[in-house]
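**Student:** Show me how the following folds:
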Amino acid sequence: MSLRSLKKYVFYTCLCAFTGLYGQQTITVSGISFTYALTPTDLECTVTAPTQGWVGVGFNEKNTIVGSDLLLFHVVDGKTTSTDMYVKGLGNPIKDSHLGGQNSIQVLHGKEEGHSTTIRFSIPLNSGDPNDFIHEIGKEFWLILAYSVEDDFEHHSRVRKHIPFRLLDAN
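**Tutor:** Predicted coordinates for the structure are as follows:
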């Protein structure tokens with residue numbers, strides 16, 4: 001890890017709450033909680049945000065929304081919907097399916113309760129879709145957490161945070 005990356009990691013560790021060991025980790029920032037667990041082939045995640053609008057999780061090698069693998073979710077009338085997107089440019093996320101890829105998200109559970117939305121989902125560590133992020137254990141990347149006050153995926157986020165992150169192995 002470079003000195004610059006280490007400084008960013010220490011800075012964000014002070015701003016965020018990190019917990020977890022052995023291939024599972026939780027981070028909370030700006031009211032958004034993200035937890036993951038690793039399986040041999042998948043990344044199982046739970047995200048909770050203080051909204052009844054959409055919630056989003058993104059992955060990128062760089063500290064930018066452009067070029068990110070962006071996963072958006074909302075719960076409407078008890079039904080959870082997901083969309084798997086690639087961000088081609090600012091304000092220009094495009095569904096993977098429109099770029100020749102596929103929606104690689106498996107929604108496991110979704111609920112709105114009180115003033116929060118919680119989504120549990122699974123994605124492959126490597127889906128083979130060129131629009132999806134390849135998740136590598138121990139390699140630093142940027143985790144993007146976001147939410148909106150609206151369910152419409154076209155509505156911009158109210159909160160969006162970029163956090164330097166690493167997936168931890170169970171060994």
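
**Student:** the longest strand in this protein is where?
**Tutor:** Using DSSP state E, we find that the single longest strand of the chain is strand 79-89.

**Student:** Just checking: what are the partner strands of that strand?
**Tutor:** Using DSSP bridges, the strands paired with strand 79-89 are strand 69-76 (antiparallel), strand 92-95 (antiparallel).

**Student:** Export that strand to PDB, keeping only CA atoms.
**Tutor:** Only the C-alpha atoms of strand 79-89 are listed here, as PDB (Å, rounded to 0.1, in the frame of the first residue of the first chain):
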ATOM      1  CA  LYS A  79     -41.000  -5.800  -4.200                       C
ATOM      2  CA  THR A  80     -37.300  -5.300  -4.500                       C
ATOM      3  CA  THR A  81     -35.800  -4.300  -7.900                       C
ATOM      4  CA  SER A  82     -32.200  -4.100  -8.900                       C
ATOM      5  CA  THR A  83     -30.300  -2.700 -11.800                       C
ATOM      6  CA  ASP A  84     -26.700  -3.500 -12.800                       C
ATOM      7  CA  MET A  85     -25.000  -0.500 -14.500                       C
ATOM      8  CA  TYR A  86     -21.700   0.700 -15.800                       C
ATOM      9  CA  VAL A  87     -21.000   4.500 -15.600                       C
ATOM     10  CA  LYS A  88     -19.700   5.600 -19.000                       C
ATOM     11  CA  GLY A  89     -19.600   9.300 -18.000                       C
END
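
**Student:** For Pro124, give its distance to Phe34.
**Tutor:** 18 Å (C-beta to C-beta, to the nearest Å). (Each C-beta comes from the backbone N, C-alpha and C, glycine too.)

**Student:** More neighbours: which of those two?
**Tutor:** Phe34 (23 against 17; other C-beta atoms under 10 Å).

**Student:** mind checking the SS state of the residue nearest the centre of the chain?
**Tutor:** Compute the mean C-alpha point of the chain, and by C-alpha atoms, centre = their mean the closest residue is Val57, 2.2 Å away. Under the three-state scheme (DSSP: H, G, I helix; E, B strand; the rest coil), Val57 adopts strand.

**Student:** which ones are touching the closest residue in space to it that isn't next to it in sequence?
**Tutor:** Of all residues not flanking Val57 in the chain, Leu71 sits nearest, at 4.9 Å (C-beta to C-beta, 6 or more residues apart in numbering). Contact partners of Leu71, counting by C-beta atoms under 8 Å, 6 or more residues apart in numbering, are Gly56, Val57, Gly58, Ser82, Thr83, Asp84, Met85, Ile105, Phe121, Ile123.
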